[in-house]
Structures are given as C-alpha cells and as structure tokens.
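# curious how this folds, go ahead:
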Amino acid sequence: MALIKCPECGNQISDKAERCPKCGYELNKKETPTTSDNKVASSFMNKGNIKYILIILAIIVAGFLFFNQNNNNTGTGTGGTGTGGTGTGQPTTPSTDYGYTVYNDPYLGISFEMPGTYKVTTDKEGYIYVGRNIDSQGALIPYIIIGRYDKYTSEVQFLNDFTTYMKKQYSDLKVTIDLLSGTIGNKTVYGLAYNYTSSGHLVVDNRYAVLINGKVYMVASKEENTNSIEINNVVTHILSTLTERGA
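Next comes the predicted model:
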C-alpha cells in the first residue's frame, strides 16, 4: 500500500481508498463531458443537422448508383465494329418494318417486296421507279429504280460499262465506293456508288447488280446530298426478295 495526495484537499491517504476521509473527494471517478462539450454534441445532432446528414447520404448513394450503372452500360454497350451495336459483336440497323407488300411487275415479269406506303411507276423502257414521291409526272428524289439488262450475263461487266456511260453523262462524276460484292438474302450482289451534280443538286447514286436466271438485274437508289439508312434498308429488302415470277 502506498500513500497518495488527495487532489482536492492535499491530505495524505491510501492509494486503495475510494474516498478521502477528510474532504470526502471520490477517487477514481469517471470523467463526464463538460457543459461546453455537451453543447457542441447536442448542437451538431439537432433535427436540422440530422436532415442535412440524411441529404448528404442520399446524394452519396445516388452518385454511387449512377456511376455503377454507367460502368455497367459501358461494359455491355457497343460491341463489334458495327454502328449502334448491342454487345453481341454484330452491327445493327434501325427497324425496317414499313408494312411490306408484294409487288408484281407485268413488264419485267418480276416480283419483290416494298413498303406499303411507297408507290410505283414505270417508264416506256420498262424501268420501275419505287418511292414515297411518285406521281403521274414520274419519280422525285429520293427514289429506287429497278431494271433488267438482257445483253449482260456478268454483273461486273455491266457495272463497268455503266460507269463508263455515267462518266459521259456527268463531267463531275466521282466513284465514292468502288466495285465490291456481298451476300444479300441468298444472292451474290455487286455494287458501287457515285456522286455527281444534276440540276444544281448533289446526287448520291448507289448501283447494285444481281444475276437471276442468267439475266442481270439492277437495283439503284438516288438521293440528294445524303445516303439515308431508310432507303438503304428498302433497297436491301427489295434485293433479298427480288424473284422472277414463275421461277
């Protein structure tokens, strides 16, 4: 046992004593927060500040969810090399559900599917014009033209000769997409594209050639200044459904 000094009165007392016998000071008592400390704690935890704390927490949670969703979208968004991919590695295009109907042409003896909202006219040489703006005066850009060339049995030869013809017609003609081939439906299709000026307007002219029963058929689109997805999709659908009647 040792003697210690009472912190209150200075009297010598045993270190085992719980209370000073002279002044009654309680030894080894626990400290409690001072009045000023209690004021700080209570002022911080009042109703107003609790509201702000909840708002801050809500902002933090919302931010976490936002960035987490963005990260998920980035991981599963555009895939492959196509535009507007869906993460499958395959390119996608906007819907072409225009209510397609079958058109049977009595002059060329062919049939194909076209949008129900589109109209059709033919000229004296047997060319078929398909588009939204078709009337008794003919076709207005944009439109699709379909023709048959009986003297050709090669799609490549036809397109080469057609390019030579177009260069004679339009001095500023530019071949913007050179000859290439691909598969549309079950058909091998060859195509190329031109730009030229006609009646003061820049024309975007796409030409496709396909061989059906030994005869070359051409499907082309003409537009002004642009090459729209809608017309491209309609051309693709016409090519994939183009058949000779009775074949």
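# name all residues that make contact with the nearest residue to residue 214 once chain neighbours are set aside.
Spatially, and ignoring its direct neighbours in sequence, residue 214 is nearest to residue 153 (5.9 Å; Cβ to Cβ, 6 or more residues apart in numbering). Using the backbone N, CA and C atoms, a C-beta is placed for each residue, glycine as well. By Cβ atoms under 8 Å, 6 or more residues apart in numbering, residue 153 lies in contact with 211, 214, 215, 216.
# tell me which helix or strand of the chain sits lowest on mean pLDDT?
helix 35-44 (a mean of 44; mean pLDDT, DSSP states H and E).
# hang on, residue 231 is in a strand, isn't it?
No: applying DSSP: H, G, I helix; E, B strand; the rest coil, one finds residue 231 to be helix, outside a strand.
# right, and it touches residue 141 too?
No: contact criterion Cβ atoms under 8 Å: residue 231 and residue 141 do not qualify, at 10.0 Å.
# what sits in contact with each of those two?
residue 223.
# settle it for me: which of these two has more neighbours?
Set side by side, residue 231 and residue 141 show more neighbours around residue 231, with 20 against 16, by other Cβ atoms under 10 Å.
# can you measure across stretch 181-193, start residue to end residue?
12 Å (Cα to Cα, to the nearest Å).
# buried ones in that stretch?
Judged by neighbour count (16 or more other Cβ atoms under 10 Å), stretch 181-193 contains these buried residues: 184, 187, 189, 190, 191, 192, 193.
# ok, which pair from the residues you listed is furthest apart?
With Cβ to Cβ as the measure, no two of the buried residues of stretch 181-193 lie farther apart than 187 and 193, at 18.7 Å.
# show the average pLDDT along whatever helix or strand residue 197 lives in.
Assigned by DSSP states H and E, residue 197 belongs to strand 187-198. Confidence for strand 187-198, expressed as mean pLDDT, is 96.
# can you list the strands that that strand pairs with?
If you go by DSSP bridges, strand 187-198 pairs up with strand 174-184 (antiparallel), strand 201-212 (antiparallel).
# residue 166: which of those is closest?
With distances scored as Cβ to Cβ, the stretch of the strands paired with strand 187-198 nearest to residue 166 is strand 201-212 (7.9 Å).
# please name every helix or strand in contact with the next helix or strand along the chain from that closest one.
Sequence order places strand 215-224 as the next helix or strand after strand 201-212, per DSSP H and E. In terms of contacts (3 or more Cβ pairs under 8 Å, 6 or more residues apart in numbering; DSSP states H and E), strand 215-224 is packed against strand 143-149, helix 155-169, strand 201-212, helix 229-241.
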